[in-house]
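A.B. asks: sharing a sequence plus its predicted fold:
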Amino acid sequence: MASEPLISVIVPVYNEEATLHELLERLRRAPFRKEVIVVDDGSHDKTPDILAEQPDIIAIRHERNQGKGAAIRTGIAHATGDIIIIQDADLEYDPNEIPRVVEPIVRGEAQVVYGNRFEAGLPRAMPLPNKIANRLLAWAVRLLYRYPLHDEATCYKAFRADLLKSIPLRCQRFEFCPEVTAKLLKRGIPIHEVPLRAYQPRTKRAGKKIRWTDGVEALWTLIKYRILGE
């Protein structure tokens with residue numbers, strides 16, 4: 001891989017007018033070569049207007065809301081970079097950490113890297129249901145796939161683009177994380193983890209959209225793909 005690869009940053013968004021502009025500015029300032037692909041999943045706030053004012057990004061719109069997983073799949077189809085990473089628009093994750101996350105791929109030491117939010121334990125500001133769900137999902141990966149993954153549900157998942165594009169994904173909502181994790185591990189592909197230092201949990205009151213039912217769906221997805229093929 002070239003010394004300075006092109007990194008495709010896929011940003012699925014749905015009604016993120018409060019944080020989208022700031023997120024895009026942070027991405028612009030972050031020190032790596034990039035293409036930013038924002039997939040607006042049918043927003044009905046000012047998100048489309050904000051995106052219309054950003055000539056240096058690739059903006060794609062779903063006319064109706066289909067779910068985060070569907071938006072990620074659309075972004076993957078449009079990515080032209082050497083490496084693909086997922087970025088939420090809610091400012092929980094700092095784009096300045098992306099170079100560290102992708103570095104093992106750049107060095108040829110890994111094909112997949114997850115950013116681990118829990119190197120120093122669970123963040124105190126994370127709501128209790130989210131803490132429980134994250135622990136259960138990591139435990140499920142260890143039990144079902146015999147793999148010592150610490151943070152299955154992290155947003156910062158980075159992949160060699162050719163590898164990610166070769167995986168047949170069917171996710172619609174938040175089950176992208178367990179589906180791609182399951183299919184990687186079933187192929188025998190190791191998942192490298194690097195610690196995240198600037199993760200700031202967002203609460204439901206602040207706009208976090210994931211629900212407890214999404215945790216149940218994620219667990220079922222891990223079980224389903226352990227039993228079934230791709």
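C.D. replies: Noted; the coordinates are in hand.
A.B. asks: part of a helix, is Arg61?
C.D. replies: No - counting by DSSP: H, G, I helix; E, B strand; the rest coil, Arg61 is not found in a helix; it is strand.
A.B. asks: and the nearest residue to it once chain neighbours are set aside, how far from Glu16?
C.D. replies: What sits nearest to Arg61 in space, not counting adjacent residues and going by CB to CB, 6 or more residues apart in numbering, is Asp40, at 4.5 Å. In short, each C-beta sits where N, CA and C put it, glycine included. As judged by CB to CB, to the nearest Å, Asp40 and Glu16 stand 9 Å apart.
A.B. asks: show me whatever sits in contact with both of these two.
C.D. replies: Taking CB atoms under 8 Å, 6 or more residues apart in numbering as the contact rule, Asp40 and Glu16 both touch Thr47.
A.B. asks: residues contacting Lys183?
C.D. replies: 167-169, 225, 230.
A.B. asks: name the SS class of Ile98, please.
C.D. replies: Put simply, Ile98 is helix when judged by three-state DSSP.
A.B. asks: correct me, but it touches Ile84?
C.D. replies: No - if you go by CB atoms under 8 Å, Ile98 and Ile84 don't touch, sitting 11.4 Å apart.
A.B. asks: ok, these two, which is more surrounded?
C.D. replies: Between Ile98 and Ile84, counted using other CB atoms under 10 Å, Ile84 has the larger neighbour count: 27 against 23.
A.B. asks: residues in contact with Thr154?
C.D. replies: Taking CB under 8 Å, 6+ apart, we find Thr154 in contact with 114-117, 177, 196.
A.B. asks: of all the contacts of Lys183, the one with the weakest confidence?
C.D. replies: Of all the contacts of Lys183, Glu230 carries the smallest pLDDT score, 64.
A.B. asks: could you count how many residues lie near the nearest residue to Leu6 once chain neighbours are set aside?
C.D. replies: Distance criterion CB to CB, 6+ apart; nearest residue to Leu6, sequence neighbours excluded, is Gly81 at 4.0 Å. Neighbours of Gly81 under the rule other CB under 10 Å: 17.
A.B. asks: what's the lowest-mean-pLDDT helix or strand in the chain in contact with?
C.D. replies: Least confident helix or strand, the chain: helix 212-227 with a mean of 87, by mean pLDDT, DSSP states H and E. Under the contact criterion CB under 8 Å, 6+ apart, helix 212-227 has outside partners 129, 133, 136-137, 140-141, 144-145, 152-153, 173-175, 177-179, 181-183, 186.
A.B. asks: what subset of these is buried?
C.D. replies: 133, 136-137, 140-141, 144-145, 152-153, 173-175, 177-179, 181-183 (16 or more other CB atoms under 10 Å).
A.B. asks: now, these that are in helices?
C.D. replies: Those of those mapping onto helices are 133, 136-137, 140-141, 144-145, 177-179, 181-183, per DSSP state H.
A.B. asks: how about Ala158, secondary structure?
C.D. replies: Classified using three-state DSSP, Ala158 is strand.
A.B. asks: beta partners of the residue nearest to Arg61?
C.D. replies: Residues in a beta bridge with Asp40, per DSSP bridges, are Val13, Arg61.
A.B. asks: run a quick neighbour tally on it.
C.D. replies: The tally of other residues near Asp40 (other CB under 10 Å) stands at 25.
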